[in-house]
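Undergrad: here is a sequence together with a model predicted from it:
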Amino acid sequence: MNFRRPSVAILFFIAVINLYFLIAVRLFDHSGTNWQTVIYSDGKGYYEYLRAAFINHNLSNPEIEKAFIRNSDSGPMIKFFGGTAIAQLPFFLIAFIISIFRSQATDGYTFEFQLMIAIAGYFYLLLGLIWLRKLLLQFFSNDIIVAVTLFVIAYGTNLFYYAVLEPSMSHVYAFSFACIFLFEGYAYFKSFRIRNLIASSIAFGLIILIRPTNVVILLMLPVICSNWISFFQFLKNYRHVIFSIIIVAGILFIQPLLWKLQTGSWFVWSYQGEGFYFSNPAITEVLFSFNKGWFVYTPIALVAMLGFISIWKMKPAFAISIFFTVLTAIYFTASWWCWNYGDSFGMRPMIDFYPLIALLIAALFSSVKKNAFKTLLSAVMILLVSVSCIQTYQYYKKILQHYSMDAEKYKFIFLKTSDDDINILGGNIDLMPYTTSEPALIAELSNNFVGVLPIWNPYELTIDPIDSLNTCCLLDSSFNSLECRLPASAPVRLTQMLYIEVSLRRMELSKHSSSASQFVAKLKNVNETVFNYQFALNDFPDEDVLKWRTFHYAFRIRKQVRPFNIVSFQIFNPALQKFLIDDVKIKISSVE
């Protein structure tokens with residue numbers, strides 16, 4: 001590579017910067033222990049294929065209590081598709097061999113395994129950017145524009161986070177293979193070389209094996225082919241067509257094989273209890289919501305949309321192809337029942353399609369001719385990359401809440417980076433679980449504190465400072481919790497998902513006097529806690545004293561394997577602060 005070329009130099013810069021963050025932050029932050037969480041969240045589910053096959057030798061008998069295991073009629077199985085594990089396999093095998101030479105017993109989460117998965121994310125990001133550079137150079141001769149585009153994609157989006165800071169997730173692998181598929185496909189239709197066909201077919205198969213909805217990238221065919229003459233020429237070459245189909249089908253066959261090994265059935269729906277709302281996609285929320293909205297947490301994607309105008313002027317067919325690919329990707333993303341995708345930074349499923357956003361950004365830069373407009377566009381890009389980097393830091397440090405963000409919370413922590421703001425946001429609003437029928441109401445509880453109710457623990461009543469005719473509950477050093485306990489006549493198992501909705505009023509008697517309070521939900525069996533979920537009572541610190549604020553919460557309790565006989569809801573005041581609670585309402589629904 002010629003390092004005098006800006007696009008090559010920027011790749012080297014990205015490689016060095018990312019390596020620093022990989023070592024200093026991802027592996028050895030938090031007093032040298034941060035490597036222990038490289039494989040994290042859904043990443044454990046993708047990784048479980050490797051762990052089960054090579055370490056536990058129990059692919060057909062996974063540990064059912066884990067969140068990523070689904071129990072179908074055919075038996076328990078890992079709910080995720082196996083493409084991410086296939087991409088991680090070479091790195092896992094290196095760690096596996098190291099652990100053998102060290103004669104070390106391992107559960108697959110020891111240092112060498114966590115290290116190699118971190119390196120896998122680092123490697124696939126660079127691999128994807130190298131192939132993205134090749135792709136951009138096919139359409140844009142200005143190497144500076146290509147270099148700027150690579151930098152913007154690397155640091156102006158949430159790609160960096162999922163490549164370096166959370167590399168066990170699927171997105172950096174899908175991004176990399178998407179870049180390879182687009183370039184190798186384009187190169188094949190220019191020369192009809194078999195090596196390009198093999199590379200593009202393998203990449204396409206893996207993209208789908210990682211996330212089946214990524215099949216929509218096939219709508220980029222007009223860009224890949226350049227013209228329909230090349231496409232029809234490909235169709236006439238039946239040997240190449242059949243060869244490509246065999247490669248793709250062979251890769252996709254891995255998933256039915258994994259299902260067969262786990263359950264004995266070739267085809268199962270591994271996402272039990274989950275699905276799409278195709279007739280009611282949350283498109284506005286996916287794009288503009290402060291709870292993960294794509295254009296809010298990756299604002300460069302919004303600016304990139306202006307690139308459609310530039311590409312339309314270059315070649316209308318390309319603009320139409322990219323438009324419908326992005327639109328279809330948004331539609332599938334927004335149709336999934338959990339459109340905010342749980343604990344995540346930004347709209348993470350769109351990372352898989354960032355090669356298309358790169359084309360739009362490069363086209364936008366190339367269309368700007370006047371120096372004044374170039375300066376303005378550059379300033380906007382610098383500003384948005386800076387915002388993205390700050391938000392990445394905020395999310396990593398838990399200043400940005402990993403779930404349940406809204407406009408007020410976003411405004412409160414906007415651009416804040418102080419350690420004082422870590423974990424400062426609270427509250428919880430989960431989406432209703434996926435259901436094809438109306439949720440069934442199990443119980444509806446309320447307490448307006450006009451007296452003592454039997455299923456509530458003893459609490460202290462006091463006069464409302466604002467309304468002397470109203471009584472409410474006082475939490476202080478004498479009564480540090482308010483708890484409602486629903487007993488069952490005998491231990492039961494939770495065979496359905498529960499959806500809990502809570503509302504209450506809270507008044508602080510002095511500034512921030514409920515800052516440490518929490519809402520806690522538990523399932524108990526005698527003295528054993530079967531399920532425990534808690535979150536901060538306040539959404540963010542406010543300055544109001546002697547003023548009622550109303551809060552709404554919602555959360556899910558998934559099916560439980562272990563039996564329980566008590567459902568408990570508690571407002572916990574561990575710091576023994578002094579504040580008032582009133583008008584508590586709890587609604588419990590079961591979801592089929």
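TA: Sure, I can see it.
Undergrad: run the chain-centre distance for the longest helix seen in the chain.
TA: Using DSSP state H, we find that the single longest helix of the chain is helix 111-139. Mean-position distance between helix 111-139 and its chain equals 19 Å (C-alpha atoms, centre = their mean, to the nearest Å).
Undergrad: what's the following helix or strand after that helix?
TA: helix 143-155 (DSSP states H and E).
Undergrad: who are the contact partners of the most centrally placed residue in the chain?
TA: By C-alpha atoms, centre = their mean, the chain has its centre lying nearest to Ser344, at 3.5 Å. Residues near Ser344 by C-beta atoms under 8 Å, 6 or more residues apart in numbering: Lys292, His402. In this view, the C-beta of every residue, glycine as well, is placed from N, C-alpha and C.
Undergrad: wait, a strand at it?
TA: No. With DSSP: H, G, I helix; E, B strand; the rest coil as the criterion, Ser344 is coil rather than part of a strand.
Undergrad: could I get the pLDDT score of it?
TA: According to the prediction, Ser344 has pLDDT 94.
Undergrad: got phi/psi on it?
TA: phi -160, psi 160 (degrees, to the nearest 10).
Undergrad: same question for Ser481.
TA: Per degrees, to the nearest 10, the backbone of Ser481 is at phi -160, psi 150.
Undergrad: just give the number of residues close to the closest residue to it other than its chain neighbours.
TA: Among residues not flanking Ser481 along the chain, Phe572 sits closest, at 5.0 Å (C-beta to C-beta, 6 or more residues apart in numbering). Neighbours of Phe572 under the rule other C-beta atoms under 10 Å: 17.
Undergrad: try Tyr20
TA: 11.
Undergrad: following the helix or strand containing it, which helix or strand comes up?
TA: Assigned by DSSP H and E, Tyr20 belongs to helix 6-21. For helix 6-21, the following helix or strand on the C-terminal side (DSSP H and E) is helix 29-32.
Undergrad: where does Arg506 sit: helix, strand or coil?
TA: Taking three-state DSSP as the rule, one finds Arg506 in the strand state.
Undergrad: that one and Asp467, how far apart?
TA: If you measure Arg506 against Asp467 using C-beta to C-beta, to the nearest Å, the figure is 15 Å.
Undergrad: who has more neighbours, the two?
TA: Arg506 (22 against 11).
Undergrad: who does the more buried one bridge with?
TA: Arg549, Ile581 (DSSP bridges).
Undergrad: what sits against it?
TA: Per C-beta under 8 Å, 6+ apart, neighbours of Arg506: Ser514, Leu537, Asn538, Trp548, Arg549, Phe551, Phe579, Leu580, Ile581, Asp582.
Undergrad: which residues of this protein fall in strands?
TA: 69-72, 75-78, 440-447, 460-463, 471-475, 481-492, 497-508, 518-525, 528-536, 548-557, 564-572, 579-591 (DSSP state E).
Undergrad: compute the first-to-last residue distance for stretch 484-504.
TA: Stretch 484-504 has an end-to-end distance of 14 Å (C-alpha to C-alpha, to the nearest Å).
Undergrad: and it, what's buried?
TA: Within stretch 484-504, the residues that count as buried by 16 or more other C-beta atoms under 10 Å are Cys484, Leu494, Gln496, Met497, Leu498, Tyr499, Ile500, Glu501, Val502, Leu504.
Undergrad: in TSV, list these along with pLDDT and distance to Gly45.
TA: Below are the buried residues of stretch 484-504 laid out as TSV (pLDDT from 0 to 100; distance: C-beta to C-beta, whole Å):
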residue	pLDDT	distance to Gly45
Cys484	94	34
Leu494	76	21
Gln496	81	22
Met497	86	18
Leu498	91	22
Tyr499	95	22
Ile500	96	24
Glu501	97	28
Val502	98	29
Leu504	98	34
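Undergrad: for these, work out which two are farthest apart.
TA: Largest separation among the buried residues of stretch 484-504 by C-beta to C-beta: Gln496 and Leu504, giving 25.4 Å.
Undergrad: can I get stretch 304-312 in PDB, CA atoms only?
TA: In PDB, the C-alpha atoms belonging to stretch 304-312 read as follows (Å, rounded to 0.1, in the frame of the first residue of the first chain):
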ATOM      1  CA  ALA A 304     -25.800  11.500   4.100                       C
ATOM      2  CA  MET A 305     -29.400  11.300   2.700                       C
ATOM      3  CA  LEU A 306     -28.500  14.500   0.700                       C
ATOM      4  CA  GLY A 307     -26.100  12.200  -1.200                       C
ATOM      5  CA  PHE A 308     -29.100  10.700  -3.000                       C
ATOM      6  CA  ILE A 309     -29.400  14.000  -5.100                       C
ATOM      7  CA  SER A 310     -25.700  13.700  -6.100                       C
ATOM      8  CA  ILE A 311     -26.000  10.000  -7.000                       C
ATOM      9  CA  TRP A 312     -29.200  10.600  -9.000                       C
END
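Undergrad: what sits up against that stretch?
TA: With C-beta under 8 Å, 6+ apart, stretch 304-312 has contacts from 318-319, 322-323, 357, 359-364, 366-367.
Undergrad: try it again at 6 Å.
TA: Here stretch 304-312 makes contact (C-beta atoms under 6 Å, 6 or more residues apart in numbering) with Phe318, Ala319, Ile357, Leu360, Ile361, Ala363, Leu364, Ser367.
Undergrad: quick one, grab the pLDDT at the third one.
TA: As predicted, Ile357 sits at a pLDDT of 98.
Undergrad: and the first one, by the same measure?
TA: According to the prediction, Phe318 has pLDDT 93.
Undergrad: the one 3 residues further on now?
TA: At Ser321 the predicted local distance difference test score is 95.
Undergrad: ok, it touching Ile224?
TA: No. Counting by C-beta atoms under 6 Å, Ser321 stays clear of Ile224, with 8.7 Å between them.
Undergrad: quick check: Leu115 vs Val241, distance?
TA: 42 Å.
Undergrad: neighbour-wise, which of these two wins?
TA: Ranked by neighbour count (other C-beta under 10 Å), Leu115 and Val241 place Leu115 first, with 19 against 13.
Undergrad: if I look at that one, how far off is Tyr162?
TA: Taking C-beta to C-beta, one finds Leu115 at 18 Å from Tyr162.
Undergrad: also Gly75?
TA: According to C-beta to C-beta, Gly75 stands 31 Å off from Tyr162.
Undergrad: between the two, which has more neighbouring residues?
TA: Taking neighbours as other C-beta under 10 Å, Gly75 and Tyr162 compare with Tyr162 leading, 26 against 17.
Undergrad: I'd say Met220 and Thr325 touch.
TA: Yes. Assessed by C-beta under 6 Å, Met220 is found in contact with Thr325 at 5.4 Å.
Undergrad: neighbour count winner among those two?
TA: The residue with more neighbours, out of Met220 and Thr325 and counting by other C-beta under 10 Å, is Met220; that gives 24 against 20.
Undergrad: for Pro454, see how far away the more buried one is.
TA: To Pro454, Met220 is 64 Å away according to C-beta to C-beta.
Undergrad: if Arg485 is in a bridge, with which residues?
TA: Ser568.
Undergrad: what sits against it?
TA: Here Arg485 is in contact with Ile455, Ile566, Ser568 (criterion: C-beta under 6 Å, 6+ apart).
Undergrad: okay if I get those as TSV plus distance to Asn480?
TA: Formatted as TSV, the contacts of Arg485 follow (distance: C-beta to C-beta, whole Å):
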residue	distance to Asn480
Ile455	19
Ile566	20
Ser568	15
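Undergrad: of these - the most surrounded one?
TA: Neighbour tally across the contacts of Arg485 (other C-beta under 10 Å): the maximum, 19 neighbours, falls on Ser568.
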